[in-house]
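Asker: model this:
(one chain, ligands or ions: 1)
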Amino acid sequence: MKKNYFAVILLSLGFWSTAVFAQSRSEWLLEKNWKFTRTDEPEFTNVKYNDSKWQNVIVPHDWAIYGPFSANNDKQHVAISQDGQKEASEHAGRTGGLPFVGVGWYRNKFRVPGFNKGKKASIIFDGAMSNATVYLNGKKVGFWPYGYNTFHFDITEFLEPGEENILAVRLENFPESSRWYPGAGLYRNVHVVMTETAHIPVWGTQLTTPVIHKEFAKVNLKTKVITGAGNVAGFHLTTEIKDADGKVVASTKTLLNKYNEDTFNQELLVLNPQLWDTEHPVLYTAVSKLYEENELRDEYSTTFGIRSIEIIPNKGFFLNGKRTQFKGVCLHHDLGPLGAAVNDAAIRRQIRIMKDMGVNAIRTSHNMPAPEFVKACDEMGMMLMAETFDEWKAPKQKNGYHKYFEEWAEKDVVNLIHHYRNNPSVVMWCIGNEVPEQGMLGAAKTAKFLQDICFREDPTRFVTQGMDQPGSVINNNFAATMQVAGFNYRPFVYPEAYKKLPQQIILGTETASTISSRGIYKFPVIRRAMPIYEDLQVSSYDVEHCGWSDLPEDNFIQHDDLPYAIGEFVWTGFDYLGEPTPYYTNWPSHSSLFGIVDLAGIPKDRYYLYRSHWNTAANTLHILPSWNFRDRAGQTTPVFVYTNYPTAELFINGKSQGKKTKDTTFTVYNTGDKKSLEDFDRQKRYRLMWMDTKYKPGAVKVVAYDAKGNAVEEKEIHTAGKPHHLELKADRTQLTANGKDLSFVLVSVVDKDGNLCSEDTREISFKATGAGKFHAVANGNSASLESFQAPKMKAFSGQLTAIVKSEEKQGVVYFEASAKGLKSTVLKIEVK
Ligand code: GAL
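Answerer: The predicted model follows:
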């Protein structure tokens, strides 16, 4: 339902922000003119209710991200049994310490131009957090409990032709309903679609590419149609397939007859197809037109890609016939300082950063992604594992999804699959995460029930789930039931699982859970599980993890050495709000330390370790730690180098510390015992480590050598001098004048020569003038209670990210960052 229409911005009418019209179908995005309250009265559904005193908001809107943070917002007195906790304790910040619990109401007045008898209309919520009850013109339209899923209602009989319609939505989030920050409110888009009576319903097409050869690809398109006539005679459907340039490359016309009832079945041939993959994400569009006799009744577009996916036992996963390891990350849905409120620019930035690290797949843990996210993955070349649930019937949380499972699970799975089964980026469905059922008798039946729904609704994709109880699931048929056996952590059980399971391949659905704080280094540098420090941070030497988890290399080595291991999804690509493990009870810690990139979107050192291993198209040469210690002169301060080169020589203040070469004699077979883990044997295969170097302020230089022994690249870092000015670097310096485009500006405190003052924590203030405004800020400090929306924040390890938002007018934004004692800096961003 996307292309081929002309978009009109109807600002002047004040009803709709964006409207898309075809001759026969109109679509509006309901973004503006929303009223919002946190109070709760039955009369809010009433058409005559006066909501003028409510807050004006724009949707997508996350009511909780504005804070303020408080331990009392979401206190949980629980024992997290998955984390091995036996006794309940007071968990603060587990869901982010933000006020998402409770009720919120939204109201919107809108007209549907052209709506009259003989038209049909639907409302689509891309996601509403949560327990949404929707009222239109005083009448209840429907209810959808799961906050992450897209749902839609037929509103034909509720709309008033030619009149103003009053939409009211009540949302309610219960306490102890989540293990992370869920967000709150209408945090994703709301659409209204109007069609003729005869129309193609929401998600009415299913497109597959059953045969793909170099010379041609067969495209099968099944299009559902609601004729409203009780008689299917006289309807026909024409479909044109257009390539990325809009050129028609195939077309067909099909008559509906009594044998195919409400579904057109079309076969098309695309000659010399351009395949979709992660490097060349080529998209096609099938444009279908529904005619009754010669009258056009509906027009519907299906965007798709031509690509094959295959799993061959013992060999791996193949994309277009090429063995492809999953170099994946798990991502929660929040966008750091923007909360859960969907924003296209923020999503695309996340994917860009992940792609530069070498990531080729994202697991949308543990729930359904936003359509903007899937679209961006289609367009940018990122494979997706789209997930459903963190709970089935057995509870993890007092008010978790188990309450809805019996009644809603099938509907939720069906909606996810119907929504995204034409998107080439989606290669796998994930039906659950660490469900407590794993060890329960008969639970394999529930796994089969959910997996069968996936097979029924989409026979072309793989189905997995993340299991963390290998002891049970390998022996009780639970893992054997799954098409793809996915394990969370415990890579050391892969060989046993492989021996016992029929699938002959293993996927690391969730791995590593290494923890680190950007720019913070702890000494001595030893491997630690669940470390606790007074400053509520953990070490950026990438040697710390949880009780159940491990380090990046403990997983690299499995997927490199075991042919049946098909790759991994690291927990997590970005830090997220909530789950400040290991600081379960240590308020103000309230966001995760798992991220390879911090909450502000700034890469931690670990980013370069993954990049050196995963991004085979670029060179990586990264030195850590930062060389700015006030009190370590003369003390042992190891230096690590993350690089794709096999060898490097290290110099401190010009003095060689020797050459190191990656030690490939360490394999999955001769490592993994206690001593080898303590000695960092596996790390020696993937990082270069000088463990005994002494700190002395000055310069650290590394010279990298290729496999032939040629010096090929060098890098130098310096102890910073006195903080001198602020350096600003925007991810994008040209924005669209749509009132929602974002530029993420990395702000660094640097000395006069531009060296990062990585210990600086001074407060930085912001001001934007012109065609954009200051929108939000984050510094990646998981224990900071500063507001994301105030135009000032303390630097963390010398840096933070400020976000500038475009206005709906063209021009220039002048964005200024200033701080006491420093020269301020102005950055110019164009808005077009
Ligand atoms: C896993 C779980 C994730 C997250 C992670 C932290 O067990 O699936 O949601 O909690 O642990 O290590």
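Asker: Where does the stretch 1-150 of the chain get nearest to the ligand, residue-wise?
Answerer: Q82 (5.4 Å; Cβ to the nearest ligand atom). Where C-beta positions appear, they are placed from N, C-alpha and C, glycine not excepted.
Asker: how close does the residue lying closest to that residue once chain neighbours are set aside get to the ligand?
Answerer: Excluding the flanking residues, the one nearest Q82 by Cβ to Cβ, 6 or more residues apart in numbering is E434, at 5.8 Å. Computed as Cβ to the nearest ligand atom, to the nearest Å, the E434 to the ligand distance reads 5 Å.
Asker: Now for E434, how many residues are close by?
Answerer: 21 (other Cβ atoms under 10 Å).
Asker: hmm, back to that, thought the residue of the stretch 1-150 of the chain closest to the ligand was touching K396?
Answerer: Yes: counting by Cβ atoms under 8 Å, Q82 does reach K396; the two are 6.9 Å apart.
Asker: Mutual contacts of the two, please.
Answerer: E434 (Cβ atoms under 8 Å, 6 or more residues apart in numbering).
Asker: For these two, indicate the residue with more neighbours.
Answerer: The neighbour comparison of Q82 against K396 (other Cβ under 10 Å) goes to K396, with 21 against 15.
Asker: Pull the contacting residues for the more buried one.
Answerer: Residues in contact with K396 (Cβ under 8 Å, 6+ apart) are 81-82, 179, 390, 402, 434, 436.
Asker: And M129, its phi and psi?
Answerer: Taking degrees, to the nearest 10, you get phi -100, psi 110 for the backbone angles of M129.
Asker: Spatially, what comes nearest to it if we skip its sequence neighbours?
Answerer: Here the residue nearest M129, using Cβ to Cβ, 6+ apart, is G147, at 3.7 Å.
Asker: Roughly how far does the spatially most central residue of the chain sit from S308?
Answerer: The centroid of the chain falls nearest to L331 when counting by Cα atoms, centre = their mean (4.4 Å). Separation of L331 from S308 (Cβ to Cβ, to the nearest Å): 26 Å.
Asker: before we move on, what about E763?
Answerer: For E763, the distance to S308 (Cβ to Cβ) stands at 54 Å.
Asker: got it, and A633?
Answerer: For A633, the distance to S308 - Cβ to Cβ - is 59 Å.
Asker: Which of those two has more residues huddled nearby?
Answerer: More neighbours surround S308 than the other of A633 and S308, with 17 against 11 (other Cβ under 10 Å).
Asker: So, low pLDDT: which residues of this protein?
Answerer: Residues of the chain meeting the criterion pLDDT under 70: 1-23, 230, 258-260.
Asker: can you count the residues close to the closest residue to the ligand within it?
Answerer: For the chain, the residue closest to the ligand is S513, as judged by Cβ to the nearest ligand atom, at 3.6 Å. Residues lying near S513 (other Cβ under 10 Å) number 22.
Asker: Which residues of this structure lie near the ligand?
Answerer: 82, 433-434, 468, 488, 510, 513, 546, 549, 571, 579, 581 (Cβ under 6 Å from any ligand atom).
Asker: mind running it again at 8 Å?
Answerer: Residues of the chain found near the ligand (Cβ under 8 Å from any ligand atom) are 82-83, 179-180, 330, 365-366, 390, 433-434, 466, 468, 488-489, 510, 513, 546, 548-549, 571, 579, 581, 592, 594.
Asker: Now the buried members of these.
Answerer: 179-180, 330, 365-366, 390, 433-434, 466, 468, 488-489, 510, 513, 546, 549, 571, 579, 581, 592, 594 (16 or more other Cβ atoms under 10 Å).
Asker: can you tell me which of the residues you listed are in strands?
Answerer: Mapping these onto strands (DSSP state E) picks out 330, 433, 466, 488, 510, 571.
Asker: now for the residues you listed, which pair is the farthest apart?
Answerer: The span of those, defined through Cβ to Cβ, is set by N433 and W571 at 10.7 Å.
Asker: Need the overlap of contacts for those two.
Answerer: Joint contacts of N433 and W571 (Cβ under 8 Å, 6+ apart) are 365, 510.
Asker: quick one, helices of this structure?
Answerer: Remark: helices assigned in the chain by DSSP state H are 344-357, 371-380, 402-420, 443-457, 470-473, 478-481, 494-500, 552-561, 605-614, 674-678, 681-686.
Asker: Can you give me every residue that contacts E816?
Answerer: Contacts of E816 (Cβ under 8 Å, 6+ apart): 766-769, 824-827.
Asker: and if we set it to 6 Å?
Answerer: Counting by Cβ atoms under 6 Å, 6 or more residues apart in numbering, E816 touches 767, 824, 826.
Asker: ditto for E410
Answerer: I453.
Asker: And it, how far from D126?
Answerer: Where D126 is concerned, E410 sits at a distance of 20 Å (Cβ to Cβ).
Asker: Q325 - how many residues pack around it?
Answerer: 16.
Asker: Same check on Y610?
Answerer: Neighbours around Y610, by other Cβ under 10 Å: 26.
Asker: show me the contacts for V134.
Answerer: 141-142, 169.
Asker: quick one on the thing from earlier: give me whichever of the helices of the chain is most buried.
Answerer: helix 605-614 (a mean of 24; mean count of other Cβ atoms under 10 Å).
Asker: Residues contacting it, please?
Answerer: Contacts of helix 605-614 (Cβ under 6 Å, 6+ apart): 327, 357-358, 516, 540, 542, 552, 556, 596-597, 620, 622, 624, 642-644.
Asker: Among these, name the ones in strands.
Answerer: Per DSSP E, the contacts of helix 605-614 map to strands at 327, 622, 624, 642-643.
Asker: which of the residues you listed sit farthest apart?
Answerer: K327 and L624 (21.5 Å).
Asker: List the residues that contact F569.
Answerer: 328, 330, 363, 509-510.
Asker: What count of nearby residues applies to the closest residue to it other than its chain neighbours?
Answerer: Excluding its sequence neighbours, the residue lying closest to F569 (Cβ to Cβ, 6+ apart) is G328, at 3.7 Å. Look at G328: counted by other Cβ under 10 Å, it has 28 neighbours.
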